[in-house]
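1. mind folding the following:
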Amino acid sequence: MPHALSRFARRRAFQGGAAAVVVLGLLVWWVLPLGKPEPSGTLTFSTGVRSGVYERYGQRLEGALAKDMPKVSIRLRTSEGSQQNIERVATGEADFTIATADAVATYLQSGRPGGERLRGCVRLYDDYVQLVVPRDSDVREVADLRGKRVGVGQKGSGVTLVADRLMAAAGVDPQDGITPVEAGIDTMPQRLADGLLDAFFWSGGLPTGALEDLSKKFAVRLVPLEDALIHTLQTAGGSTRHYRSAVMPADAYRDAQQGQAVRTVAVANLLITTDRTDPLMTEAFTRTVIDSRDRIGREVHAAQLVDLRTAIYTDPLPLHEGAKRYYRSAKP
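-> Okay, here's the model as predicted:
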């Protein structure tokens, strides 16, 4: 009998101890949550020129980031485009940005400050070079721009970079062969409609809202950029290897294209940061970009083209450690 009581007492003691451990565990979980830590702090995202795809994408991404990273304060800054965006991130003025692969490669090759610290997060969508003229213009190819007033994008933009290269490849001096007008997509369409420009270059996702709006109120045409021109660019080597032949589908700008597909040049856009950025922040940012693709894509069509299968190819930049963590976790 005493032996039986002893066993009963031991069982009661064990059960009581187990209950105490459970209560203690719940208390620790309540006081010190054991879930994955969340990023916190502030970040600056450099977008692009007003009314351009970069800015529109950034505005909508800001909402998704605020939802997914509630402890992070997000600041958007407009910019002149890819070249200024890269410089801001490289020098610490911004934490994340979007830039074209050719502009990134050019920055790296120039040896400018902070280039060695740049890292890729996501290959986003392709920019398409769009050379826009009035429908009755005599400009049929890039060489015909000689002597014309040409909008070439803002000084710090990727548009200026590719426009100058295309004109040089066509035998047109981008400074002396034309009258270059430094302006962005926020003003070039109206200048063309007002007769202040004979043509303008734009490089962006399809469709770009400002150009679509222009085509509905003013008769314009897109000038084809032929393969021979692209071949000339590519054989130059260096950062021009990031250009490739592409076709703008006939329905990209229905009024401007009138049922015709247009040959052009495409270049990839990259989401970039630096090795200074916390891996936890970068992992969360990368996840939001991928997860918000369809939601943002309903308003900014180019966002629909972000593809998890190709997102890791951020050449010429190595992947940031935080982005690597995301892609490893996202594997099926």
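
2. beta-bridge partners for Y128, please?
-> When assigned by DSSP bridges, Y128 has beta-bridge partners G204, A266.

3. was I right to think it contacts R263?
-> No. Counting by CB atoms under 8 Å, Y128 does not reach R263; the two are 10.4 Å apart. The way it works is simple: take the backbone N, C-alpha and C, and place the C-beta from them, glycine included.

4. which neighbours do the two share?
-> Listed as contacting both Y128 and R263 by CB atoms under 8 Å, 6 or more residues apart in numbering are 246, 248.

5. comparing the two, which residue is more hemmed in?
-> Neighbours were tallied for Y128 and for R263 using other CB atoms under 10 Å; the higher tally belongs to Y128 (25 against 16).

6. can you give me every residue that contacts that one?
-> Taking CB under 8 Å, 6+ apart as the definition of contact, the neighbours of Y128 are 203-206, 246, 248, 252, 264-266.

7. torsion angles phi and psi at V159?
-> Its backbone dihedrals place V159 at phi -60, psi -50, with angles given as degrees, to the nearest 10.

8. wait, doesn't R287 sit right on D68?
-> Yes. The pair formed by R287 and D68 meets the contact definition of CB under 8 Å, at 7.1 Å.

9. quick check: the gap between G259 and Y253.
-> 11 Å (CB to CB, to the nearest Å).

10. which one's more surrounded, the two?
-> More neighbours surround Y253 than the other of G259 and Y253, with 24 against 7 (other CB under 10 Å).

11. beta partners for S73?
-> T42.

12. er, P134 I mean
-> What pairs with P134, by the bridge criterion (DSSP bridges), is V220.

13. please renumber so the chain begins at 371
-> Right, with 371 as the first residue, what we last looked at is P504.

14. pLDDT wise, what is it at?
-> Note for P504: predicted pLDDT of 98.

15. follow-up on the earlier one: got TSV for the contacts of Y498, with pLDDT too?
-> Rendered in TSV, the data for the contacts of Y498 read as follows (pLDDT from 0 to 100):
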residue	pLDDT
S573	94
G574	91
G575	89
L576	91
A616	95
M618	96
A622	94
T634	96
V635	95
A636	95
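
16. distance between the ends of stretch 534-551?
-> Stretch 534-551 has its terminal residues 12 Å apart, counting by CA to CA, to the nearest Å.

17. now do that stretch: everything it contacts.
-> Stretch 534-551 is touched from outside by 499, 511-513, 515-522, 533, 558, 561, 566-567, 570-571, 595, 599, 602-603, 606, 610, 635, with contacts defined as CB under 8 Å, 6+ apart.

18. at 7 Å instead, please
-> Contacts with stretch 534-551, where a contact means CB atoms under 7 Å, 6 or more residues apart in numbering, come from 499, 512-513, 515-522, 567, 595, 599, 602-603, 610.

19. among those residues, which lie within helices?
-> Secondary structure defined by DSSP state H assigns 599, 602-603 of the contacts of stretch 534-551 to helices.

20. ramachandran coordinates for the residue lying closest to G667 once chain neighbours are set aside?
-> With CB to CB, 6 or more residues apart in numbering as the measure, Q674 is the residue that lies nearest to G667, at 3.3 Å, once sequence neighbours are left out. Main-chain torsions, Q674, degrees, to the nearest 10: phi -70, psi -20.

21. wouldn't Q674 be in contact with R665 here?
-> No. Assessed by CB atoms under 7 Å, Q674 is found out of contact with R665, at 10.1 Å.

22. name the helix or strand for the residue lying closest to V459 once chain neighbours are set aside, please.
-> By the measure of CB to CB, 6+ apart, the closest residue to V459 outside its immediate chain neighbours is T467, 5.0 Å from it. Counting by DSSP states H and E, the element that carries T467 is strand 466-470.

23. give me the sheet partners of that strand and which way each runs.
-> For strand 466-470, using DSSP bridges, the partner strands are strand 411-416 (parallel), strand 632-644 (antiparallel).

24. could I get those strands in a markdown table, plus columns for distance to A681?
-> As requested, these are exported to a markdown table (distance: least, CB to CB, whole Å):
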| stretch | distance to A681 |
| --- | --- |
| strand 411-416 | 18 |
| strand 632-644 | 9 |
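
25. most neighbours, which of the contacts of Y498?
-> When neighbours are counted as other CB under 10 Å, the busiest of the contacts of Y498 turns out to be S573, with 32 neighbours.

26. gap between that residue and S615?
-> As judged by CB to CB, S573 and S615 stand 15 Å apart.

27. can you give me the pLDDT of the residue most central in space within the chain?
-> When CA atoms, centre = their mean is applied to the chain, the residue found nearest the centroid is I468 (3.6 Å). Here, the pLDDT recorded for I468 equals 97.
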